[in-house]
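In: Provided below are the primary sequence and the corresponding predicted coordinates.
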2 protein chains.
Amino acid sequence: MVDDNFVFIGKKPLMSYVLAALRQINAGNKTVIIKARGKAISRAVDVAEIVRNQFIPSATVDDIIIKTELLRSEDGRESRVSSIEIFMTRGEGPMAPIPPPRSPMGPPLAPAPEHEPEPEKEWEDS
Amino acid sequence: MVDDNFVFIGKKPLMSYVLAALRQINAGNKTVIIKARGKAISRAVDVAEIVRNQFIPSATVDDIIIKTELLRSEDGRESRVSSIEIFMTRGEGPMAPIPPPRSPMGPPLAPAPEHEPEPEKEWEDS
C-alpha cells in the first residue's frame, strides 16, 4: 500500500480534502484511504460522504478501521488519540467531473459543502 | 434490532457514554451500537476505543457504518449531517469490572479518560 493513497484530514477547508480524495480515487488504482485523528475524525466522515453523495455515486466505502494511536509530545509526554481510516473504492458507474485545482492565487474553491459541520444536537443515551 | 442497544453520543462527559456502552455490551445480547452525528462522531470513536482498550479487551468492532442524515430545522430548512454507527460485540474473554453508576448527587465519575480529546495535529494531504 502506497502512502500516496492516503488523504490526511487536517484543518484546511473541507473541500480541499474532498478534491484530494477525488483525485486519488480517480487515479490508477481507484482507491483512497481517508485518514484522521482526534477531532478531525468527524471531518473524515464528512469527506467520504461528500465524495460518494455529491461526486461519485458508484463509490463505495469498503472498510473503516478505528484505532488508538500513541503520540509523544516534545517533552516526552505520551497521549492516546483515536484515529480512523476510511477505505473507499470508485465503482464502475459514471464519474462526476472534478473541479480544476485551485490556483495558489485564485479565488476560494467551490461552494461550501452542504454538510453542516456542527449541528451536534444533544442526544440522550436512553 | 432494539433501540435499547444504541448509545447515542451527545455532550455529556465521555465516561458516561463509556459506562452506558459497557452496560449494554454486558447485558443479554452482548452487543452495543454506538451512534453519533456531526462533531460527536469523533467522540463515538473515542468511546469504542476506550471500551475495548481499557475495559473489555475481548470486545470487537464488527462493523462501522457511515451515513448522511437529512435534518429539518424548525423553520423547515434542511441540512445534511454525517453520522456513524459502531457495532461492537463482547468477546468471550475476561471482563473488567464496571464502575458503579454515578449517584445523581455524587462526585464526578472516574478519572478522566486517557484519550486526549483534541490533539488534532495538522496533517497535510500530501
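Out: In hand now; what should we look at? Numbers count the residues shown, from 1 in each chain, chains lettered A, B, ... in the order given.

In: so where's the longest helix in chain A?
Out: In terms of residue count, the longest helix belonging to chain A (DSSP state H) is helix A:14-25.

In: Just list what that helix packs against, helices and strands only.
Out: strand A:6-8, strand A:31-37, helix A:41-50, strand A:78-89 (3 or more Cβ pairs under 8 Å, 6 or more residues apart in numbering or on different chains; DSSP states H and E). No exception for glycine: its C-beta is placed from N, CA and C like everyone else's.

In: Reformat those as a markdown table; add mean neighbour count and mean pLDDT.
Out: Formatted as a markdown table, these follow (neighbours: other Cβ atoms under 10 Å in any protein chain shown; pLDDT from 0 to 100):
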| stretch | mean neighbour count | mean pLDDT |
| --- | --- | --- |
| strand A:6-8 | 23 | 96 |
| strand A:31-37 | 24 | 97 |
| helix A:41-50 | 27 | 97 |
| strand A:78-89 | 20 | 96 |
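
In: Kindly state which of the ones you listed is positioned closest to B:Glu92.
Out: Nearest to B:Glu92, of all the helices and strands packed on helix A:14-25, is strand A:78-89, at 25.1 Å by Cβ to Cβ.

In: May I see the buried residues of the longest helix of chain A?
Out: For helix A:14-25, burial by neighbour count (16 or more other Cβ atoms under 10 Å in any protein chain shown) applies to A:Leu14, A:Met15, A:Ser16, A:Tyr17, A:Val18, A:Leu19, A:Ala20, A:Ala21, A:Leu22, A:Gln24, A:Ile25.

In: and the angle for it with strand A:31-37?
Out: Angle between the axes of helix A:14-25 and strand A:31-37 is 140 degrees (criterion: axes from the mean of the first three to the mean of the last three Cα atoms, to 10 degrees).

In: Could you check the angle helix A:14-25 makes with strand A:78-89?
Out: 60 degrees.

In: Please put the alpha-carbon coordinates of helix A:14-25 into CSV.
Out: Taking Å, rounded to 0.1, in the frame of the first residue of the first chain, the C-alpha atoms of helix A:14-25 are listed here in CSV:
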residue,chain,number,x,y,z
LEU,A,14,-13.3,20.6,3.9
MET,A,15,-13.5,20.8,0.1
SER,A,16,-9.7,20.7,-0.3
TYR,A,17,-9.8,17.2,1.2
VAL,A,18,-12.7,16.3,-0.9
LEU,A,19,-10.8,17.3,-4.0
ALA,A,20,-7.7,15.4,-2.8
ALA,A,21,-9.8,12.3,-2.3
LEU,A,22,-11.4,12.7,-5.7
ARG,A,23,-8.1,12.9,-7.4
GLN,A,24,-6.9,9.8,-5.6
ILE,A,25,-10.0,7.7,-6.3
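
In: about what we covered before: closest one to chain B out of the buried residues of helix A:14-25, please.
Out: A:Ala20 (4.3 Å; Cβ to the nearest Cβ).

In: Make sure that closest one is actually in contact with A:Phe6.
Out: No - applying Cβ atoms under 8 Å, one finds A:Ala20 not in contact with A:Phe6, separated by 9.5 Å.

In: quick one, phi psi at A:Asp62?
Out: phi -90, psi -30 (degrees, to the nearest 10).
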